[in-house]
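Participant: Show me the folded form of this:
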Amino acid sequence: MNKIKVLEVIRQGQIGGGESHLLDLITFLDKEQFEPVCLSFTSGEMITRLQAMGIRCHVIDTLKAFDWKVQRQIIQLLRDEQIELVHVHGSRAASNMIYPVRHLHIPIIYTVHGWSFHDDQSLPIRLLRQWSEKLICSLANKVICVSQSNADTGRQRFGLKDAVVIENGINLVRFNPNGQFNDLRKDFGFAENDFVVSFIARCTKQKAPLDFLQAVRLAHEVNPQIKGLFVGEGDMDAEVDAYIAENQMDDYIFRSKFRTDVPDLLHCINVYCLPSLWEGLSIALLEAMAMGKAIVATPTDGTKEVITHEHNGLVIPYEQPQALADAILRFREDEALYSKCGQQAHEVVAIRFNAQRVSDAVSKIYQSEKDNR
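Facilitator: Below you'll find the predicted structure:
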């Protein structure tokens, strides 16, 4: 049987939620049936990992949502690789692929990892991005949403039809609380009895990193054993560094750039915080849940589908650092609630969010689109 040659396309090669999703998708894809090739518009750790797996990867450097200068290069890549199917992850990748695939009559699948339009944007920007998402979805052969809430939003805002919901999954072998991990607490300067809360995400407005820092400061003032681990980098790095310095937080918060040893990081913390303003379905959230960590998060689209308040986590309002601080303190003071939420978080992920399930569901779509050509 001839393999189906699929080009997996994503906007950046540095690892975040969508990139982790893509790594797991390719890892669990049946290589006897499919031959994946990857295209990213920046280089990074994801590309390195895929190449180590023997996956052919291409990088076409551009940071633009649509860059007409690279369209010819993309078309040539599609021809040279003899691509039969294109799977784009996120709107930035999709916008640069729509013209090439239509020019060559190649089917395209679009996975929405959270819509690019949000209520906190100015009206012109929000309407423009909403129109752009509608256009991409209308031109895609199939649209995949990673949460039902994302699909509902698309339907309500611009009449999205026939989207398939395939919830994100993670590698439950790698993120297994019973596994063997490096003990990083001493490396980070945490004592054995410290209660460590973490922010492990891109340092961008979407993730609300300053809300996390303010919450840690407020909680630490009440209980000095509460300390913070901040791992990530992005366009708010300067603001984060300035906040830590201005509030003299160096003694109780460890700041690190992007790291690849996420299971080890999660092993050494007590609480995972995700104060995001918007999400599709956060891979990082699922990883922390799989590791049995207590969760404090805002009710973004995907989060509110997996976190039930006071059952497997605590849900707090957007942009309210005091509420985040109160939730952290509650976990510190209520051992029964803390233990129950961690255990229930692990059980939810173990049942619903296996990366193999995701890969199998996507494979069926690949085969269907190939058969319909």
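Participant: What ranges in the chain fall below the confidence cut-off?
Facilitator: Along the chain, the parts satisfying pLDDT under 70 run over 1.
Participant: Swap in 50 and give it another go.
Facilitator: For the chain, no stretch has pLDDT under 50.
Participant: Can you give the domain ranges for it?
Facilitator: 4-169+354-371, 195-352 (automatic domain parsing).
Participant: Quick one: closest of these to residue 177.
Facilitator: Residue 177 sits nearest to domain 195-352 of all these, at 4.3 Å, using CB to CB. For glycine as for every other residue, the C-beta is placed from the backbone atoms N, C-alpha and C.
Participant: if we can go back for a sec, JSON lines please, covering the domains of the chain and showing mean neighbour count.
Facilitator: Shown next, in JSON lines, are the domains of the chain (neighbours: other CB atoms under 10 Å):
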{"stretch": "domain 4-169+354-371", "mean neighbour count": "18"}
{"stretch": "domain 195-352", "mean neighbour count": "20"}
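Participant: Take those and write them to CSV, including distance to residue 183.
Facilitator: What follows is these, written out as CSV (distance: least, CB to CB, whole Å):
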stretch, distance to residue 183
domain 4-169+354-371, 23
domain 195-352, 7
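Participant: Please identify the one among the ones you listed that comes closest to residue 182.
Facilitator: Closest to residue 182 of those is domain 195-352 (CB to CB; 4.6 Å).
Participant: Span of the closest one from start to end?
Facilitator: Taking CA to CA, to the nearest Å, domain 195-352 runs 29 Å from one end to the other.
Participant: in this protein, which spans are helices?
Facilitator: Remark: helices assigned in the chain by DSSP state H are 17-28, 45-52, 71-81, 91-104, 123-139, 148-158, 209-222, 237-246, 262-267, 283-290, 303-306, 321-333, 335-352, 355-371.
Participant: The last one packs against which elements?
Facilitator: Meaning helix 355-371. strand 4-10, helix 17-28, strand 85-89, strand 108-112, strand 142-145 (3 or more CB pairs under 8 Å, 6 or more residues apart in numbering; DSSP states H and E).
Participant: Please tell me I have it right and residue 29 contacts residue 361.
Facilitator: No: at 11.4 Å, residue 29 does not count as touching residue 361 under the criterion of CB atoms under 8 Å.
Participant: Check the spacing between residue 24 and residue 33 real quick.
Facilitator: Look at residue 24 and residue 33: by CB to CB, to the nearest Å, they are 17 Å apart.
Participant: Likewise for residue 44?
Facilitator: Taken as CB to CB, the span from residue 44 to residue 33 is 28 Å.
Participant: Also residue 25?
Facilitator: The value you get for residue 25 to residue 33, if CB to CB is used, is 14 Å.
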